[in-house]
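Peer 1: could you work out the structure for the sequence below:
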Amino acid sequence: MNRAEGIANSLQAAKVGALIRARRHSLRMTLQTLGTQSGVSVGYLSQVERDQASPSLSTLASIARALGVGVDYFIATPSAQDALTRKGERMRFSVNDSLISYERLHAEFPGNVLSSFLITIAPGYRSEVANHEGEEIVYVLDGALTLRIEDEETVVGPGDSLHFRGNRSHCWSNDTEEPVRLLWSGTLTMFRSSADGSAFQTERTPIGGS
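Peer 2: Got it, this is the predicted structure:
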């Protein structure tokens with residue numbers, strides 16, 4: 001088994017398409033309405049629901065917010081955890097077995113606004129264009145990440161960092177033949193287990209229930 005296969009086998013792969021569609025249907029929401037409320041194109045949403053596209057975590061968060069749930073509705077996540085996380089024991093996952101994987105660093109507590117992940121991006125990965133509330137900061141550990149913000153494209157290498165507003169259209173890709181490892185931090189809420197009124201609050205309403 002090579003290193004890439006080992007990483008893939010240890011990840012928790014979340015198939016989100018059917019869950020998004022079921023949640024949308026339970027709310028009697030059309031794709032058009034979901035697209036308008038999430039800021040994601042109808043065509044891309046259709047691909048995601050059929051598991052033909054793998055949304056980035058920020059886009060999945062926008063979809064989740066429009067559906068009135070948290071990202072943890074689609075990706076199993078533990079409840080509030082201690083601030084200390086240890087190597088080899090952190091939550092690790094991918095979305096739809098895609099070429100990008102996440103290792104969760106942050107903890108949840110009332111009032112927190114920061115999310116942080118170690119992200120590994122395989123060669124050939126290219127994200128969709130996204131924009132959302134909040135800020136992001138990227139610090140590259142290994143490899144060369146191509147990051148495009150609006151009309152400006154920048155290659156970010158080991159030791160380089162970039163801090164930008166999430167409401168500026170942005171996307172990234174690994175155009176090299178080597179994996180990219182980076183530290184990502186942002187104020188876009190990904191998970192929420194406390195009842196704090198967050199836009200990403202998880203309300204586990206049974207499908208078909210009230």
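Peer 1: which residues does N167 contact?
Peer 2: Going by Cβ atoms under 8 Å, 6 or more residues apart in numbering, N167 touches 131-133. Where C-beta positions appear, they are placed from N, C-alpha and C, glycine not excepted.
Peer 1: which of the residues you listed sits closest to L67?
Peer 2: Using Cβ to Cβ, H132 comes nearest to L67 of these, at 15.1 Å.
Peer 1: check contacts around the closest one.
Peer 2: By Cβ under 8 Å, 6+ apart, the residues touching H132 are 39, 58, 61-62, 166-167, 188.
Peer 1: nearest residue to it other than its sequence neighbours?
Peer 2: Counting by Cβ to Cβ, 6 or more residues apart in numbering, H132 lies nearest to G166, which is 4.6 Å off, once chain neighbours are set aside.
Peer 1: what bits of this structure have low per-residue confidence?
Peer 2: By pLDDT under 70, the weakly predicted segments of the chain are 1-14, 76-82, 109-112, 189-210.
Peer 1: so how far is E177 from the spatially most central residue of it?
Peer 2: By Cα atoms, centre = their mean, the chain has its centre lying nearest to L57, at 1.0 Å. Using Cβ to Cβ, to the nearest Å, L57 is found at 24 Å from E177.
Peer 1: likewise for D72?
Peer 2: 34 Å.
Peer 1: V71 too?
Peer 2: Relative to E177, V71 is positioned 31 Å away (Cβ to Cβ).
Peer 1: please look at G157 and V140 and confirm they touch.
Peer 2: Yes - at 5.9 Å, G157 and V140 qualify as touching, with contact defined as Cβ atoms under 8 Å.
Peer 1: quick one, which of the two is more surrounded?
Peer 2: V140 (21 against 11; other Cβ atoms under 10 Å).
Peer 1: ok, how many other residues are close to the nearest residue to R21 once chain neighbours are set aside?
Peer 2: Using Cβ to Cβ, 6+ apart and skipping residues adjacent in sequence, the residue nearest R21 is E49, 4.5 Å away. Close neighbours of E49, defined as other Cβ under 10 Å, add up to 20.
Peer 1: next up, phi/psi of E49, please.
Peer 2: For E49, the backbone dihedrals are phi -60, psi -30 (criterion: degrees, to the nearest 10).
Peer 1: cool, Y44 as well?
Peer 2: The phi and psi values for Y44, taken as degrees, to the nearest 10, are phi -70, psi -40.
Peer 1: ok, T33 next?
Peer 2: As for T33, its main-chain torsions (degrees, to the nearest 10) stand at phi -60, psi -40.
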